[in-house]
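K.L.:
Dropping the sequence and predicted coords here.
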Amino acid sequence: MITVIAQSLKNKVIVTIQGNGPFRLERLKKGGDKWQAWTENEFSADDSVVPLPVQNDIIDHHVEDGLFTYRAVEFDKIDPDKTDFSYSNWVRCGNTGPVGWSFNNYTPPPGQWGEICTPDDLRYTWIFGNEFRGTNGQIFTDDQIKYYVDLAVAEMERTLNITIKKVRVKCNPDTRGLEKGKDYDLEEGLYEFKFMKIQKYGQIVTRKHPIIKLHGISLVTRFVPTQDLLSTTIVDKTKGVLKLMKRPIRPSETFGGIQTALNPYGKEQLNPFLFYQVDYDAGFESAADVPLDLRMAISKTAAIALLNSIGDGLMAGFSSSSLSMDGMSESFSSTQSATSAYFGARIQQYHKELEPFIEDAKRKYGHLAIGSI
């Protein structure tokens, strides 16, 4: 597993590659279409120049103004495909303006999911007009802002009961010899087979949704696969519903594996011995595929958390003050109190704007719950 990390020093970039080298290292400037390989003369776009293997960290000295990303692959890999490379994040070098979705100049780095809301989006758009600096001079860093965005994504996933960042879901990967991080991201168990339910509705609701792609669905016994249902299954990607178009198995039908398992107990034990094995990708393919309204809601959720922290950093525990001297007086009052944040008005406004979106989004991505007594 190769990990590429790029850190900008304004006019230089430190590139760290984690893994078993040596590596072939390449660089791409945003807006360009030609990857430059690392050579004896640093990065070069000339295909006739022999690439130089990279073993340790390198410093890219000749960096222009703009955004850059780096990628690496094993040096002895012959004619590597783009999927064989591991990619770094975008790094900003030189004198550039803000970068984000609200500035129409951000795209996810190749091979990465990307950022659903950049630090500059929050600084200059969602919390416009406020400096991210405390009274002690401490600056709220980009890494801290990204952490708040990750928390906002997790909160929105929990609130709407959906998956946002792409995950590869595999059923019982250990028994199938699959490696976490390489073949899958999340492990799931089998889905129960209930004859009466499947016969009536003919569908399975996945534990994660929306669905990007269904890779496999099989009706299995505890021992061997019995039916591959992938070609006859229709996927409702938004709600995560698998609609089974093939006639479900009936208790009167017998298959080799099922008959062997049930013979000592009778056909009434059919349900406990049948399961569905489902492999799929859930979430959104990349940050660029997240709908605008959902991106807005996550940005506002992150902004609320940031406003709470930044407000305390600007004026923690301060409500009002007054000064009087030689017949002259001066007083100052803020909106902050023991029960009200410094940016309380904007926080309250963002909360009000989020409420109708969450109510509508739950119906869009979820299921209508109906009960009876």
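P.N.:
Thanks, I have it.
K.L.:
what about the strands in the stretch 251-373 of the chain?
P.N.:
Along the stretch 251-373 of the chain, counting by DSSP state E, counting those that start in this stretch, strands occupy 275-282, 320-325, 328-333.
K.L.:
go on, the stretch 101-250 of the chain?
P.N.:
Using DSSP E, counting those that start in this stretch, strands in the stretch 101-250 of the chain cover 167-171, 186-188, 191-192, 203-205, 211-220, 225-228, 233-236, 241-244.
K.L.:
I'd like those as TSV, with mean neighbour count and mean pLDDT appended.
P.N.:
(C-beta placed from N, C-alpha, C; glycine too.) Formatted as TSV, these follow (neighbours: other Cβ atoms under 10 Å; pLDDT from 0 to 100):
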stretch	mean neighbour count	mean pLDDT
strand 167-171	20	96
strand 186-188	15	95
strand 191-192	16	85
strand 203-205	16	88
strand 211-220	18	92
strand 225-228	14	74
strand 233-236	16	93
strand 241-244	18	90
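K.L.:
Longest helix in this structure, by number of residues?
P.N.:
Secondary structure of the chain per DSSP state H: the longest helix is helix 292-315.
K.L.:
With distance to residue 147 as added columns, please give the strands of the stretch 101-250 of the chain in CSV.
P.N.:
Compiled in CSV, those are given as follows (distance: least, Cβ to Cβ, whole Å):
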stretch, distance to residue 147
strand 167-171, 20
strand 186-188, 21
strand 191-192, 35
strand 203-205, 32
strand 211-220, 26
strand 225-228, 43
strand 233-236, 34
strand 241-244, 34
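K.L.:
Show me the one of those that comes nearest residue 55.
P.N.:
strand 167-171 (30.7 Å; Cβ to Cβ).
K.L.:
Check which helices and strands the closest one is in contact with.
P.N.:
For strand 167-171, the packing partners by 3 or more Cβ pairs under 8 Å, 6 or more residues apart in numbering; DSSP states H and E come out as strand 186-188, strand 275-282.
K.L.:
Go through those and name the closest to residue 289.
P.N.:
Among these, strand 275-282 comes nearest to residue 289, with 12.0 Å by Cβ to Cβ.
K.L.:
Name the residues that touch that closest one?
P.N.:
With Cβ atoms under 8 Å, 6 or more residues apart in numbering as the test, strand 275-282 has contacts from 163, 166-172, 188, 190-193, 204, 206, 208-222, 225, 240, 242.
K.L.:
Also stretch 155-166?
P.N.:
113, 116, 153, 208-210, 212, 281-286, 290, 294, 297-298, 301, 358, 361-362, 365-366.
K.L.:
buried set for that stretch?
P.N.:
Buried residues in stretch 155-166, counting neighbours by 16 or more other Cβ atoms under 10 Å, are found at 155-157, 160, 162-166.
K.L.:
what does stretch 47-62 give?
P.N.:
In terms of neighbour count (16+ other Cβ under 10 Å), stretch 47-62 has its buried residues at 51-52, 54, 58, 60.
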